[in-house]
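Visitor: Using only what follows, build the 3D model:
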Amino acid sequence: MQPKKITIPDIRNRKNGTPISVMTAYDYPWARMVDAAGIDIALVGDSLGMVVLGYPDTVSVTMEEMLHHTKAVVRGVEHALVVADLPFGSYNSSIPAAINNATRMLKEGRADAVKLEGGVAMAGVVEAIVRAGIPVQGHIGLTPQTATSLGGFKVQGKSAKAAQQLIEDAKALEAAGCFSIVLEAIPAPLAEHITGQVAIPTIGIGAGPGCDGQVLVIHDLVGLYDHFTPKFVKQYARISEPIAAALAQYKAEVENRTFPTEAHSFTMKSEEMDKLLRLY
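Guide: Sure, this is the predicted structure:
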């Protein structure tokens, strides 16, 4: 029996229930694997700028790039809820622009919902998008799009004052209509406290076990790269090593002519080859 499509109410109803699994997906093959694993939410994160497109940050990602990748992910998903990030500049310039770009993400990208960064300051934008009939997932704590103004990629909410602001951010997003909130790089006790302060699910990334769900970047989870890995990442595999070994072996076999063999080649009837050789 094919599992049913996850819906926004399904996610809302998981508050204080079975933890919600979220994983990034940026293209068709990864989306198929994420979906086949039964992951609840496939997140087309603007992190694709860094892990797929080679940008130095997420700020460089454009709306057209997000749409391109979201379409590919949607084609690979049957079960998971697809949430797509609104990239920097697509929602924080004006409310009309935010509604227009969020609409494009659903209408052209075929995503089920959008995600945007910011708390109290973005509550009005969230409310307008939700009023337009578009589900929104919030994102507070370390917000990569504005990491420069936060002093870089570091833990947020470590002081009582900063923690209070994050609580207010979460409550503002809930009041604005978010169906869930990502909490990134927040001390575990604070994230658990925020989770208890709102009636919508929280999704942690570097926020400890007290959230209603967890999200990771799939390239980090499977060890596709050998560069820096954040503290909050658990590598469940290291596929970069067998991939590197396979590529090295391929190169060697091409150079010493042990690949391709007869098993990997097509044939033709000998009489047809003889006819050809008589002509040339």
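
Visitor: next one: stretch 166-180 to chain centre, how far?
Guide: Counting by CA atoms, centre = their mean, to the nearest Å, stretch 166-180 is centred 21 Å from the centre of its parent chain.

Visitor: Stretch 64-74 now?
Guide: 11 Å.

Visitor: Just the mean pLDDT for that stretch, thanks.
Guide: On average, the pLDDT along stretch 64-74 is 98.

Visitor: tell me which residues of it are tucked away?
Guide: 65, 66, 67, 69, 70, 71, 72, 73, 74 (16 or more other CB atoms under 10 Å). C-beta here means a position set from N, CA and C on the backbone, and glycine is covered the same way.

Visitor: where does the second one land in three-state SS?
Guide: Judged by DSSP: H, G, I helix; E, B strand; the rest coil, the three-state class of residue 66 is helix.

Visitor: Now for the nearest residue to residue 117 once chain neighbours are set aside, how many residues are close by?
Guide: Nearest non-adjacent residue to residue 117, counting by CB to CB, 6 or more residues apart in numbering: residue 143, 3.9 Å away. Here the number of neighbours of residue 143 (other CB atoms under 10 Å) works out to 22.

Visitor: ok, residue 143 to residue 277 distance?
Guide: As judged by CB to CB, to the nearest Å, residue 143 and residue 277 stand 68 Å apart.

Visitor: returning to what we had before: tell me the one among the buried residues of stretch 64-74 nearest to residue 139.
Guide: Of all those, the one sitting nearest residue 139 is residue 66; the distance, using CB to CB, is 14.6 Å.

Visitor: thinking that closest one is in contact with residue 102, fair?
Guide: No. Counting by CB atoms under 8 Å, residue 66 does not reach residue 102; the two are 11.2 Å apart.

Visitor: intersection of neighbour lists for the two?
Guide: Residues touching both residue 66 and residue 102 (CB atoms under 8 Å, 6 or more residues apart in numbering): residue 86.

Visitor: Spell out the residue ranges of the strands in this structure.
Guide: 20-24, 41-44, 81-85, 113-115, 136-141, 180-184, 202-205, 213-216 (DSSP state E).

Visitor: Now distance to residue 8 too, for these, in JSON lines please.
Guide: Formatted as JSON lines, the strands of the chain follow (distance: least, CB to CB, whole Å):
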{"stretch": "strand 20-24", "distance to residue 8": "12"}
{"stretch": "strand 41-44", "distance to residue 8": "10"}
{"stretch": "strand 81-85", "distance to residue 8": "7"}
{"stretch": "strand 113-115", "distance to residue 8": "7"}
{"stretch": "strand 136-141", "distance to residue 8": "10"}
{"stretch": "strand 180-184", "distance to residue 8": "9"}
{"stretch": "strand 202-205", "distance to residue 8": "14"}
{"stretch": "strand 213-216", "distance to residue 8": "14"}
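
Visitor: out of those strands, nearest to residue 4?
Guide: Nearest of these to residue 4, taken as CB to CB: strand 81-85 at 11.3 Å.

Visitor: in that closest one, what counts as buried?
Guide: 81, 82, 83, 84, 85.

Visitor: hey, C-alpha coordinates of it in CSV?
Guide: Provided in CSV are the C-alpha atoms of strand 81-85 (Å, rounded to 0.1, in the frame of the first residue of the first chain):
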residue,chain,number,x,y,z
LEU,A,81,5.7,17.4,2.2
VAL,A,82,7.9,19.6,0.1
VAL,A,83,9.0,22.9,1.7
ALA,A,84,11.0,25.4,-0.4
ASP,A,85,13.2,28.2,1.0
